[in-house]
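Asks: okay, predicted coordinates and the sequence, questions at the end:
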Amino acid sequence: MKGKILVTARSFQKMEGPHQEILREAGYELVGSPLDRPLEAMELEPLLEGAEAAILGLDAVSRPALEKAERLKVISRFGVGVDRIDLRAATDLGIVVTVTPGANSVAVAELTIGLIIALARQIPQHDRQVRAGGWDRAPGSELQGTTLGLVGLGRIGSEVARRAAAFGMRILFTDPAPPSADLVAGLGAEPRDLNELLAESDVVSLHLPLGEATRGIIGARELGLMKRSARLVNTSRGGLVDEGALADALRAGRLAGAAADAFESEPPGDNPLLALGNFVATPHIGSVTVQTTLRMGRMAAENALAVLSGLRPEHVVNPEVYSRKQLRAARA
């Protein structure tokens with residue numbers, strides 16, 4: 001065997017397919033995580049020791065863990081978010097960090113639309129009521145003719161826009177990284193600043209990475225700008241939303257409803273949002289489809305193998321690592 005590859009991404013571990021086969025065929029031993037959840041830095045640290053590569057989910061990666069993982073050459077994210085990885089430490093230590101952009105765009109966009117419909121028609125509430133023996137029918141809302149505000153018009157936001165347009169929704173967007181004029185024109189989307197978008201939209205959907213500039217981007221002030229009849233959907237990162245402020249707004253009727261596939265802490269535990277009837281929760285399933293798992297798994301595996309083979313993958317998060325003489329892959 002050439003060495004060990006640590007795999008903590010749960011979907012990658014559980015679903016057999018080409019993504020695992022190509023790593024074994026290349027001569028690597030796959031070692032999984034003993035825990036069925038994202039790992040904290042101290043939990044990950046001993047697992048990284050001796051690994052040539054790591055295919056990670058939403059695990060926390062610290063400098064101390066990377067310093068002890070002396071054989072580690074590449075962290076291949078099964079996904080795109082890198083907010084829990086110490087990128088500076090990885091770069092300092094010559095470790096390449098890669099992602100799999102676009103692999104989950106369709107899956108997350110479809111879940112987003114599903115949550116929007118669930119909120120508009122109060123599907124979870126009606127389901128609970130029928131199971132309890134009730135038959136009361138609360139009036140829902142149609143999507144046609146309403147306004148969707150997309151905070152982020154990247155790969156996933158664009159896919160959401162295409163699907164929302166099929167429902168006859170008007171599309172507004174704001175994005176710190178302005179998309180191309182051709183994309184905007186093709187989607188029929190209208191640009192707004194964040195405050196305008198929040199005030200005009202019937203549904204606000206978040207599609208931003210989590211970072212210093214976006215953490216808490218939706219707080220009490222922003223929620224106060226939204227219509228009382230509006231709904232908020234977050235299928236990106238929990239840290240984008242002040243969850244306490246959102247719970248207050250929903251409890252007080254200052255917002256009609258909200259849905260989240262991501263939370264500040266996962267699992268969310270005794271999060272006050274979970275006690276509210278006008279809140280819909282899913283356990284970070286945005287990318288959890290058969291098609292996405294196979295697509296993303298193949299990309300993550302190929303990224304890892306490329307680095308281990310001395311090649312440079314397309315989607316490197318810390319490209320400056322290649323200008324450093326201490327690149328671990330080059331010393332292999």
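Replies: Structure received.

Asks: break down the stretch 201-332 of the chain into its helices, ranges please.
Replies: Along the stretch 201-332 of the chain, counting by DSSP state H, counting those that start in this stretch, helices occupy 220-225, 243-251, 290-308, 328-331.

Asks: give me the mean pLDDT for stretch 165-173.
Replies: The pLDDT scores in stretch 165-173 average 98.

Asks: just the CA coordinates of that stretch, formatted as CSV?
Replies: This file holds the C-alpha atoms of stretch 165-173, laid out as CSV (Å, rounded to 0.1, in the frame of the first residue of the first chain):
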residue,chain,number,x,y,z
ALA,A,165,-38.6,31.6,-12.3
ALA,A,166,-40.5,28.4,-13.4
PHE,A,167,-42.9,29.1,-10.5
GLY,A,168,-43.4,32.7,-11.8
MET,A,169,-41.4,34.3,-9.1
ARG,A,170,-39.7,37.7,-9.5
ILE,A,171,-36.0,37.4,-8.7
LEU,A,172,-33.9,39.9,-6.8
PHE,A,173,-30.3,39.4,-5.8
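
Asks: so how far is that stretch from its chain's centroid?
Replies: Put simply, stretch 165-173 sits 22 Å off its chain's centre (Cα atoms, centre = their mean, to the nearest Å).

Asks: give me the contact list for it.
Replies: Stretch 165-173 has contacts (Cβ atoms under 8 Å, 6 or more residues apart in numbering) with 113, 143-153, 157, 161, 164, 179, 184, 187-192, 196-197, 200-201, 203. All C-beta spots, glycine's among them, are computed from the backbone N, C-alpha and C.

Asks: which parts of it are buried?
Replies: For stretch 165-173, a neighbour-count test (16 or more other Cβ atoms under 10 Å) marks 167, 169, 170, 171, 172, 173 as buried.

Asks: please apply the same query to stretch 65-76.
Replies: Applying 16+ other Cβ under 10 Å to stretch 65-76 flags 65, 66, 69, 72, 73, 74, 75, 76 as buried.

Asks: inside strands: which ones of these?
Replies: Using DSSP state E, the subset of the buried residues of stretch 65-76 located in strands is 74, 75, 76.

Asks: show the contacting residues for the first one.
Replies: In this structure, residue 74 makes contact with 52, 53, 54, 95, 96, 97, 98, 303, 304, 307, 308, 329, judged by Cβ under 8 Å, 6+ apart.

Asks: so what sits opposite it in the bridge?
Replies: Beta-bridge pairing of residue 74 under DSSP bridges involves residue 53, residue 96.

Asks: what sits against residue 209?
Replies: Residues in contact with residue 209 (Cβ under 8 Å, 6+ apart) are 80, 81, 83, 236, 237.

Asks: just say helix, strand or coil for the third one.
Replies: At residue 83, secondary structure determined by DSSP: H, G, I helix; E, B strand; the rest coil is coil.

Asks: the stretch 151-300 of the chain: strands as residue ranges?
Replies: For the stretch 151-300 of the chain, the strands defined by DSSP state E, counting those that start in this stretch cover 170-174, 190-191, 203-206, 231-234, 257-260, 279-281.

Asks: picking that back up, nearest to residue 268, of the contacts of residue 209?
Replies: residue 237 (13.2 Å; Cβ to Cβ).

Asks: pretty sure residue 287 is touching residue 297, no?
Replies: No - the pair residue 287 / residue 297 is not scored as a contact, 10.6 Å apart, by Cβ atoms under 8 Å.

Asks: quick check: neighbours shared by the two?
Replies: residue 11.

Asks: where does the stretch 151-300 of the chain dip in pLDDT?
Replies: By pLDDT under 70, the stretch 151-300 of the chain has no low-scoring segment.

Asks: at 90 what do you get?
Replies: Scanning the stretch 151-300 of the chain for pLDDT under 90 picks out 178.

Asks: contacting residues around residue 153?
Replies: Residue 153 makes contacts with 161, 173, 175, 179, 183, 184, 187, 189, 207, as judged by Cβ under 8 Å, 6+ apart.

Asks: need the buried residues of stretch 65-76 in CSV (columns: pLDDT and distance to residue 131).
Replies: Shown next, in CSV, are these (pLDDT from 0 to 100; distance: Cβ to Cβ, whole Å):
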residue, pLDDT, distance to residue 131
65, 97, 45
66, 97, 48
69, 96, 48
72, 97, 49
73, 97, 51
74, 98, 47
75, 98, 44
76, 98, 42
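
Asks: make TSV out of these and add distance to residue 134.
Replies: As requested, the buried residues of stretch 65-76 are exported to TSV (distance: Cβ to Cβ, whole Å):
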residue	distance to residue 134
65	51
66	54
69	55
72	55
73	58
74	54
75	50
76	49
